[in-house]
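Peer 1: give me a 3D structure for the following:
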Amino acid sequence: MSAQMILMVRSLGRICIDAISALGRLVLFALATLSHVLRPPFYLREFFNALMHVGYLSLPVVGLTALFTGAALALQIYSGGSRFNAPEVVPQIVAIGMVRELGPVLVGLMIAARVTSSIAAEMATMKVTEQIDALVTLSTAPMKYLVMPRVLAGLLAGPVLVAVADSIGIFGGFIVATQTLGFNPATYILNTMNFLTSADILSSMAKGMAFGFIATLMGCYYGLNSGRGAQGVGAATKASVQAAAVLILAANFLLTAVFFTA
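Peer 2: Numbers count the residues shown, from 1 in each chain. You can find the predicted model right below:
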């Protein structure tokens, strides 16, 4: 085996080992976070502040994203269905598309863009300015005070945001279908309600919870493990959003396989 081949294999092995090590650290961080959920003390003020930031303040961007997505989806489905003489499938496909896939994924990506970056930048700045060291000096666990409230807020706010996005997305499709495409409003609503099942709704809520957890966890993980200085803050923020987006899409595939291929 040539020296160049040995060098290439060695580099590939180093990449694999680094990836497995990073995954292991992330899993241990997630388990440590979950272990604090039911153990006192509980910082309710931090939790409600995080819930406001993750949930309530995300409503405008989530609502607008879902509204325009549902409206565009209705137009696309009507155009595609017309080629097969089946434009009447618009309400059913809009409903199932928003509830099963687009609603949860869009919420997850919006949380990653808005919340994950904010959490990572905030915690990285706290690390650079030694505020986290000050918490440890005051016998306050950063995991309990900073991480747990934000991750718990993501777990609870995620399904609520997904429910809002699903409803607004279906409403956006309803507006376009009834005002532009000539659908009867009562028939459209009836077809939507008859087509959706409890399994669709439960899967959507489960995805919202998983995506909220991933988004907030990535922000906390990369924020607490950031490098020093302004460059470290920027690198942590960028890496947290990238990791959250990729993990959300991967988790969406796995959850879809679990719920709909059995």
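
Peer 1: from the contact counts, what lies against the host helix or strand of Thr256?
Peer 2: Assigned by DSSP states H and E, Thr256 belongs to helix 229-260. Secondary-structure packing of helix 229-260 (3 or more CB pairs under 8 Å, 6 or more residues apart in numbering; DSSP states H and E): helix 103-111, helix 117-128, helix 198-224. C-beta here means a position set from N, CA and C on the backbone, and glycine is covered the same way.

Peer 1: contact partners for the residue most central in space within the chain?
Peer 2: Nearest to the geometric centre of the chain sits Gly108, at 2.3 Å (CA atoms, centre = their mean). By CB atoms under 8 Å, 6 or more residues apart in numbering, the residues touching Gly108 are 158, 207-208, 211-212, 214-215, 248, 252.

Peer 1: same question for Lys207.
Peer 2: 104-105, 108, 162, 251-252, 255.

Peer 1: measure how buried Val147 is and give me the count.
Peer 2: Other residues near Val147 come to 25 when the count uses other CB atoms under 10 Å.

Peer 1: ok, the nearest residue to it once chain neighbours are set aside - how many residues close by?
Peer 2: Distances taken as CB to CB, 6 or more residues apart in numbering put Cys220 closest to Val147, at 4.4 Å, once the chain neighbours are dropped. For Cys220, the count of nearby residues is 27 (other CB under 10 Å).

Peer 1: next one: Leu161
Peer 2: A count of nearby residues for Leu161, using other CB under 10 Å, gives 29.

Peer 1: would you agree it is in contact with Tyr56?
Peer 2: No - between Leu161 and Tyr56 there is no contact under CB atoms under 8 Å: 9.6 Å.

Peer 1: off-centre distance for the helix holding Thr256?
Peer 2: 8 Å (CA atoms, centre = their mean, to the nearest Å).

Peer 1: and the angle from that helix to helix 198-224?
Peer 2: With axes from the mean of the first three to the mean of the last three CA atoms, to 10 degrees defining the directions, helix 229-260 sits at 160 degrees from helix 198-224.

Peer 1: return the set of buried residues in helix 229-260.
Peer 2: Neighbour-count burial for helix 229-260, counted by 16 or more other CB atoms under 10 Å, picks out 232-233, 235-237, 239-241, 243-245, 247-248, 251-252, 255-256, 259.

Peer 1: what average pLDDT does it get?
Peer 2: For helix 229-260, the mean pLDDT works out to 90.

Peer 1: i'd like the first residue to be 399 from this point on
Peer 2: In the new count, where the first residue is 399, that last one comes out as helix 627-658.

Peer 1: just the angle between it and helix 501-509, please?
Peer 2: 170 degrees.

Peer 1: related to what we said a few turns ago, with distance to Ile418 as extra columns, can I get the contacts of Lys605 in TSV?
Peer 2: What follows is the contacts of Lys605, written out as TSV (distance: CB to CB, whole Å):
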residue	distance to Ile418
Pro502	28
Val503	27
Gly506	25
Val560	32
Ala649	19
Asn650	23
Leu653	23
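
Peer 1: which stretches of this protein have low pLDDT?
Peer 2: 399, 660 (pLDDT under 70).

Peer 1: can you rerun that using 80?
Peer 2: The model of the chain has pLDDT under 80 over residues 399-404, 407-408, 416, 434-437, 478-486, 537, 625-628, 658-660.

Peer 1: re the thing from before, Phe572: which of the helices and strands packed on helix 627-658 is closest?
Peer 2: Each of the helices and strands packed on helix 627-658 has some distance to Phe572 by CB to CB; the shortest is helix 501-509, at 14.5 Å.
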